[in-house]
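1. Take a look and give me a structure for this.
(2 chains)
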2 protein chains.
Amino acid sequence: MIDFVYYNPTRIVFRKKSVEKTGTLVKEYGKKVLLHYGGGSIKKNGVYDAVVKSLKDSGIEFVELGGVVPNPRLSLVNEGIKICRDNGVDFILAVGGGSVIDSAKAIAAGVGCENIWEYFIDGSKPINSALPLGVVLTIPAAGSESSPSSVITNEDGKYKRAIHGELIIPKFAVMNPEVTYTMPLKEIANGCSDIIAHLMERYFTNVQNVDLTDRLIEANMRTILYYGPMAMKEPENYDVRAEIMWGGTIAHNNLLNTGRVGDWASHEIEHELSAEYDIAHGAGLAIIFPAWMKYVCNVNPDKFIQFAERVFDVSLSYDNKDRIINEMIGRLENWYKSMGLPTRLSDLNIDDIKLREMAEKCVEARGTVGQFKKLDADDIYNIYKLAL
Amino acid sequence: MIDFVYYNPTRIVFRKKSVEKTGTLVKEYGKKVLLHYGGGSIKKNGVYDAVVKSLKDSGIEFVELGGVVPNPRLSLVNEGIKICRDNGVDFILAVGGGSVIDSAKAIAAGVGCENIWEYFIDGSKPINSALPLGVVLTIPAAGSESSPSSVITNEDGKYKRAIHGELIIPKFAVMNPEVTYTMPLKEIANGCSDIIAHLMERYFTNVQNVDLTDRLIEANMRTILYYGPMAMKEPENYDVRAEIMWGGTIAHNNLLNTGRVGDWASHEIEHELSAEYDIAHGAGLAIIFPAWMKYVCNVNPDKFIQFAERVFDVSLSYDNKDRIINEMIGRLENWYKSMGLPTRLSDLNIDDIKLREMAEKCVEARGTVGQFKKLDADDIYNIYKLAL
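-> This is a model prediction of the structure:
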């Protein structure tokens, strides 16, 4: 186990009817709020009305900025920053999923600096000021509701990059699984794919002696693998949606990578895909992760075997480690398929034309990506090829 | 899964050489500190010197109060409250294990109220003010370093009672597994017993559909069961001590009882024991838990069977549930024995003379204890008898 600092102060309010209480929570932090959201879904399912009523009941003034799209755009972030400055906004309320929350975080951090994109370029410039923000979560997936990270796409050149900092950890997250009942099933599938990706990125580490966190990750993995397909079949089963929603938060609140170093290559390799082709992040991960596994498993086969046995119940003779690992990857791919997710680039009609270009772009900022195995542009190109 | 609010803002600084940085952390909160600790161990193992040097280097004034004993006493709490008032203390630094931290929390909450014991009597009176406090953890066990609870013994009548409140959650916890190398092995055993008790108290719930938290608890249980005996044999194995120290915190930071209701009868039944006989809490739990299991397992045998299979690898034919449960309890008792812990009252030369009196006292405040099965004085008496 390696040294770590763990700090996660988000107040999670996980309950039915919690959306109606949002104003009370906001009131502790701000008087003038930017209400930030995406497309029309929250206006159709009643969440928008409940939030607006709650803000009004608490006497909170607000301005609005909707229109966040998946792979949220820098242009809208800059628009939000301007609105905050012009209106003296002192708190941002994100109502939506990871894209909306990430957009809100970028606005929060951007209000106090000249050019927020500078912080995204290589993600290492420290964020020294940010407006406080809160979340009403409507999509279980990204874990952004209690994470210190934000991922934004700069349309000018199709760059998708991240920032990290304690100041952008949300103050609270209101979570009511009922609001996910009306989500398109495709989004549920993408969300579950994102959640297990967050778990697997943390799991595959070269740090030794991390049994407790290994086991906690396995626990969360098994839960999502089990409840994901149920969520597709029983959209209004509260408990099923609740397991996924809470699992999604715990997968990404950094508890599960205490004392270890996550990999995150698959996320970065996927970011190039969704920046270039504007595909759903979860779908991209379902394509990249199996290919990544095939490419890197020889770095530490025993870690993959432990994963195969404890998470996918693979019970084969240990005299052929490759068979165990391949069996696990096959079961993972079958799970993706059972969720209606693609597992190959060709499933999304993506051919090999841009692969080299994306691979080069992926390592542009830092030369390599990933920690389990440091991958250069050639490695990434090979992984894309395996995913064709 | 039931509704919940989860909030755990303690900053965990988990690293080698972390004790030397304590002053820097304290400085963010206070200028005049009460340094609170127990007996002589921190003076022997260098922790006291490192903390004092760090406070001085950061220019922090402090007054001291040592002498906290296991099952920490109200009289010392009251002494601490007086010292804080007389010296204008604005921050409390607890250096020790659960007893020291609990004592510090009671002092922190007591400074602003007339009679702190009033809050302990039935534990439901809300705590509206408290000095901020921080922790340098030296004993992995109680989980008090990031919990909202404090348990104090009132010597006047031998009452052991608890308070709970967000204001007494420590601001930070400095955790360096190396400082546990010199702990007496008996204390390691007691600590591990306390940790698995915190996990089992949470596990045995009648709330349905709590699979994620079930699995997370199981993950932590397996870790402590595996590393506990190793910690006895290899006192200076960093990774072993680290797994236990971090497992102890996660066991009790309330993440693992989100969406469920813990039982806590065994803790309350044990509190009477340690209040009466001043035995170690962990030893008392090793005696009470198996007896409690035998007495209540029929309330929901399937929960015990899941626990037997997933935590203790019991793999017996399901046509005799009792055998599975008894096998699990036997393995748990064997684990306690492997740690050198008692599993019967007679192992500590405690006879049946006070059992009825303790059982009556245990339910004095609320009529029953426990949630998995609500236990009255007769039930508790029977459990004590099973533990003889």
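2. For chain A, what lies in contact range of chain B?
-> Counting by Cβ under 8 Å from any Cβ of the partner chain, chain A comes close to chain B at A:1, A:3-16, A:18, A:208-209, A:211-212, A:215-216, A:218-220, A:222-223, A:226-227, A:238-239, A:242-243, A:246-247, A:250, A:255, A:258-259. For every residue, glycine as well, the C-beta is placed using N, CA and C.
3. Which entries within those meet the buried criterion?
-> Among these, those buried by neighbour count (16 or more other Cβ atoms under 10 Å in any protein chain shown) are A:1, A:4, A:6, A:8, A:10-15, A:18, A:209, A:211-212, A:215-216, A:218-220, A:222-223, A:227, A:238-239, A:242-243, A:246-247, A:250, A:255, A:258-259.
4. Show me where the stretch 51-200 of chain A has its strands.
-> For the stretch 51-200 of chain A, the strands defined by DSSP state E, counting those that start in this stretch cover A:61-65, A:91-96, A:133-137, A:149-154, A:159-164, A:172-175.
5. most packed of these?
-> Stretch with highest mean neighbour count among these: strand A:133-137 (a mean of 29; mean count of other Cβ atoms under 10 Å in any protein chain shown).
6. helices and strands around that strand, which ones?
-> Packing contacts for strand A:133-137, counted by 3 or more Cβ pairs under 8 Å, 6 or more residues apart in numbering or on different chains; DSSP states H and E, involve helix A:22-27, strand A:91-96, helix A:98-110, strand A:172-175.
7. do you know which of these lies nearest A:A162?
-> In terms of Cβ to Cβ, the element of the helices and strands packed on strand A:133-137 nearest to A:A162 is helix A:98-110, at 8.6 Å.
8. Can you name every helix or strand that that closest one contacts?
-> strand A:32-37, helix A:74-87, strand A:91-96, strand A:133-137, strand A:149-154, strand A:159-164.
9. could you dump the helices and strands packed on strand A:133-137 to JSON lines with mean pLDDT?
-> Output for the helices and strands packed on strand A:133-137, formatted as JSON lines (pLDDT from 0 to 100):
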{"stretch": "helix A:22-27", "mean pLDDT": "97"}
{"stretch": "strand A:91-96", "mean pLDDT": "98"}
{"stretch": "helix A:98-110", "mean pLDDT": "98"}
{"stretch": "strand A:172-175", "mean pLDDT": "98"}
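10. A:R331 is nearest to which of those?
-> helix A:98-110 (26.4 Å).
11. Using CSV, write out every CA atom in that closest one.
-> The C-alpha coordinates for helix A:98-110 follow below in CSV (Å, rounded to 0.1, in the frame of the first residue of the first chain):
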residue,chain,number,x,y,z
GLY,A,98,-21.8,13.6,-15.4
SER,A,99,-21.8,15.9,-18.3
VAL,A,100,-23.8,18.6,-16.6
ILE,A,101,-21.8,18.2,-13.4
ASP,A,102,-18.5,18.4,-15.2
SER,A,103,-19.6,21.5,-17.1
ALA,A,104,-20.7,23.1,-13.8
LYS,A,105,-17.3,22.3,-12.2
ALA,A,106,-15.5,23.9,-15.1
ILE,A,107,-17.7,27.0,-14.8
ALA,A,108,-17.1,27.1,-11.0
ALA,A,109,-13.3,26.9,-11.5
GLY,A,110,-13.4,29.2,-14.5
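12. rewinding a little: now render the helices and strands packed on strand A:133-137 as a markdown table, adding distance to B:W264.
-> Output for those, formatted as a markdown table (distance: least, Cβ to Cβ, whole Å):
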| stretch | distance to B:W264 |
| --- | --- |
| helix A:22-27 | 29 |
| strand A:91-96 | 37 |
| helix A:98-110 | 36 |
| strand A:172-175 | 26 |
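13. Most distant residue from the centre of chain A?
-> Taking Cα atoms, centre = their mean, the residue of chain A most remote from its mean C-alpha position is A:D319, at 37.0 Å.
14. tell me, how many neighbours does the closest residue to A:S129 other than its chain neighbours end up with?
-> Closest residue to A:S129 apart from its sequence neighbours, by Cβ to Cβ, 6 or more residues apart in numbering or on different chains: A:G112 at 3.7 Å. Per other Cβ atoms under 10 Å in any protein chain shown, the neighbour tally for A:G112 reads 16.
15. mind checking pLDDT for A:G112?
-> pLDDT, A:G112: 94.
16. how near is it to A:I127?
-> 9 Å (Cβ to Cβ, to the nearest Å).
17. tell me, what residue is most central in chain A?
-> Note: chain A centre (Cα atoms, centre = their mean) maps to A:A142, 2.7 Å.
18. I'd guessed that residue sits against A:H252; true?
-> Yes. Judged on Cβ atoms under 8 Å, A:A142 makes contact with A:H252 at a distance of 7.0 Å.
19. circling back: need the helices and strands packed on helix A:98-110 in a markdown table (columns: distance to A:I116).
-> Below are the helices and strands packed on helix A:98-110 laid out as a markdown table (distance: least, Cβ to Cβ, whole Å):
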| stretch | distance to A:I116 |
| --- | --- |
| strand A:32-37 | 15 |
| helix A:74-87 | 6 |
| strand A:91-96 | 13 |
| strand A:133-137 | 14 |
| strand A:149-154 | 8 |
| strand A:159-164 | 8 |
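20. Could you identify which of these has the lowest mean pLDDT?
-> strand A:159-164 has the lowest average pLDDT among the helices and strands packed on helix A:98-110, namely a mean of 91.
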